[in-house]
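In: Fold the stuff below for me.
(one chain, ligands or ions: 1)
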Amino acid sequence: MSSSRSSHAPQPREQLAAQLAESVASALAVDLTNQERALLVVSGGSTPVPFFTRLAAVDLPWERVDVTLADERWVNGEHPDSNARLVRQHLLQGLAAAARFHPLTTAHGTPEEGAAEVAERLAGLSWPASAVILGMGGDGHTASLFPDSGELGLALSTDEATVAVRASSVPQPRITLSAGWLHKARRHMLHIVGDDKRAVLARAMGGDDVRELPIRAFLSCPLAVYWAP
Ligand SMILES: O=C1O[C@H](COP(=O)(O)O)[C@@H](O)[C@H](O)[C@H]1O
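Out: Below is the predicted model:
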């Protein structure tokens, strides 16, 4: 009896995605009562897919919503590693297809060449964002603020919107929103799953060296943590 009940129970990661989608949708709805357009900044990687699917199904005035990314791999928009591709496939669907998406890449060959054009694009959006949804890697990186990147110090300190990033831990060059611009939001949420990431977050909360675990740059935003096993 109890086993058949549990087989119908929502999976924790699905439940988490639904709760995050509900919070983000309500943030957008509230902000859209006070302003013409609202901005949502999302992360890529594997974790956000169920969140995107849930959010895409919410009835909102999506035509007044701008969506951009916290970071991107410098690859074309059809590449399997493209965060823009992920957003197009899973978030900009159904009702949410009416949202306006602002990718972080250009036709330039490198992020160093394209970063200024992307920064100009971002400057035209409605900051502060309604919400910035961060992810986190097992090394404590968030967006593309990597502990092993030579550009980490710049990304943590610059007033510019974007920084071109290279890190030996990842295959492609990247572009990231700087920490300063990621801070320009009314709400910050961290979406992570699994015991490994819980342990990394616990370690981050126990110290203050941002260069060791860059997620520390956002721990006092305040940051709402959405975690499931
Ligand atoms: O490289 C990245 O990784 C993090 C986390 O990714 P996940 O696959 O473990 O969910 C992500 O937040 C970041 O945006 C992405 O570019």
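In: So which residue is smack in the middle of the chain?
Out: Residue closest to the mean C-alpha point of the chain, counted by Cα atoms, centre = their mean, is residue 43 at 2.3 Å.
In: That one reaches residue 72, doesn't it?
Out: No - if you go by Cβ atoms under 8 Å, residue 43 and residue 72 don't touch, sitting 10.1 Å apart. The way it works is simple: take the backbone N, C-alpha and C, and place the C-beta from them, glycine included.
In: any residues in contact with both of those two?
Out: Listed as contacting both residue 43 and residue 72 by Cβ atoms under 8 Å, 6 or more residues apart in numbering are residue 83.
In: Check the model's average confidence along stretch 206-224 for me.
Out: Taken as a whole, stretch 206-224 carries a mean pLDDT of 97.
In: Buried ones in that stretch, by neighbour count?
Out: Buried residues in stretch 206-224, counting neighbours by 16 or more other Cβ atoms under 10 Å, are found at 210, 213-219, 221.
In: can you name the two of the residues you listed that are farthest apart?
Out: Greatest spatial distance among the buried residues of stretch 206-224 (Cβ to Cβ): 213 and 221, at 15.3 Å.
In: The residue nearest to the centre of the chain and residue 36, how far apart?
Out: Separation of residue 43 from residue 36 (Cβ to Cβ, to the nearest Å) stands at 25 Å.
In: Starting from the longest helix seen in the chain, tell me the next helix or strand along the chain.
Out: Secondary structure of the chain per DSSP state H: the longest helix is helix 12-34. Following helix 12-34 in sequence order, the next helix or strand is strand 38-42 (DSSP states H and E).
In: That next one close to the ligand?
Out: No - judged by Cβ under 6 Å from any ligand atom, strand 38-42 and the ligand are separated, with a smallest distance of 8.4 Å.
In: Run through the residues that contact the residue lying closest to residue 37 once chain neighbours are set aside.
Out: Nearest residue to residue 37, sequence neighbours excluded (Cβ to Cβ, 6 or more residues apart in numbering): residue 126, at 4.7 Å. Taking Cβ under 8 Å, 6+ apart as the contact definition, residue 126 lies against 35-39, 66.
In: Could you dump those residues into CSV with neighbour count, pLDDT and distance to residue 122 added?
Out: What follows is the contacts of residue 126, written out as CSV (neighbours: other Cβ atoms under 10 Å; pLDDT from 0 to 100; distance: Cβ to Cβ, whole Å):
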residue, neighbour count, pLDDT, distance to residue 122
35, 11, 98, 17
36, 7, 98, 18
37, 15, 98, 14
38, 26, 98, 15
39, 25, 98, 9
66, 19, 98, 10
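In: In CSV: the residues you listed, plus distance to residue 78.
Out: CSV is the format used below for the contacts of residue 126 (distance: Cβ to Cβ, whole Å):
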residue, distance to residue 78
35, 34
36, 32
37, 28
38, 28
39, 25
66, 22
